[in-house]
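In: Everything below, folded, please.
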Amino acid sequence: MKKIFNGLFYGLKFLLFVVAFGLTLFILIRMNMRLNKDFTSIISEFIPFVILLILFIVNLLFKQKNISKNLFYNLTCCLVLSTIIVVALRSLLDTNMVLNEKYGYGVDFNFFDNFIPYIKIMLYGLSIADILFMFREKDNDKIKDEKKV
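Out: Predicted coordinates:
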């Protein structure tokens, strides 16, 4: 049962990553269009996404079993990315928000803007956890070797 859930969450995290990145990009581009800002002003919001994408690619290329077989990490990735998706969809689709109706943009930018620091914190946390799990295998091998001796 653990292998089934792990495989489900492992595959789901890639799909959720693409959706979360796309929704965040869409909202931030519309926000910059409204404020007449340049596209380069939103690059800092996508640095954690890029770091996490690079780590996902490294994990796939080097077949990191510590990460692909870790149910806790895969579940946490799915929860974090689902939270980003829910907040993005709520800022897009919730018509009961006051600023959404008042300004007529169809997006509550203030609601999403308040959530951007939390997006960064969660994505940097996933990146740090990914890096720590990458090097975990070496520590386990040393412990196993010491127990055999």
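
In: model confidence over the host helix or strand of residue 15, on average?
Out: Under the criterion of DSSP states H and E, residue 15 resides in helix 2-35. For helix 2-35, mean pLDDT rounds to 94.

In: and what of stretch 47-64?
Out: 94.

In: Identify all contacting residues around that stretch.
Out: Residues outside stretch 47-64 that contact it (Cβ atoms under 8 Å, 6 or more residues apart in numbering) are 14, 17, 20-21, 24, 67-68, 119-120, 123-124, 126-127, 130-131, 133-134, 137. Every residue, glycine included, has its C-beta placed from N, CA and C.

In: Quick check: chain neighbours aside, which residue is closest to the residue nearest the centre of the chain?
Out: The residue lying closest to the centre of the chain (Cα atoms, centre = their mean) is residue 81, at 4.5 Å. Leaving aside its sequence neighbours, residue 81 sits nearest to residue 16 (Cβ to Cβ, 6 or more residues apart in numbering; 3.7 Å).

In: now do residue 10
Out: residue 74 (4.9 Å).

In: if I pick residue 26, what's in contact with it?
Out: residue 88.

In: Could you do residue 68 as well?
Out: Residue 68 sits in contact with 10, 59, 74, where contact means Cβ under 8 Å, 6+ apart.

In: With residue 43 as the reference, measure out to it.
Out: 30 Å (Cβ to Cβ, to the nearest Å).

In: ok, now residue 132?
Out: Applying Cβ to Cβ to residue 132 and residue 43 gives a distance of 26 Å.

In: And residue 83, by the same measure?
Out: Taken as Cβ to Cβ, the span from residue 83 to residue 43 is 22 Å.

In: Between these two, which is the more surrounded one?
Out: residue 83 (16 against 11; other Cβ atoms under 10 Å).

In: For the more buried one, which non-adjacent residue is closest in space?
Out: Residue 83's closest residue in space is residue 122 (Cβ to Cβ, 6+ apart), at 7.1 Å.

In: which residues of this protein fall in helices?
Out: Counting by DSSP state H, one finds helices in the chain at the ranges 2-35, 43-61, 65-68, 71-93, 98-103, 109-134, 136-148.
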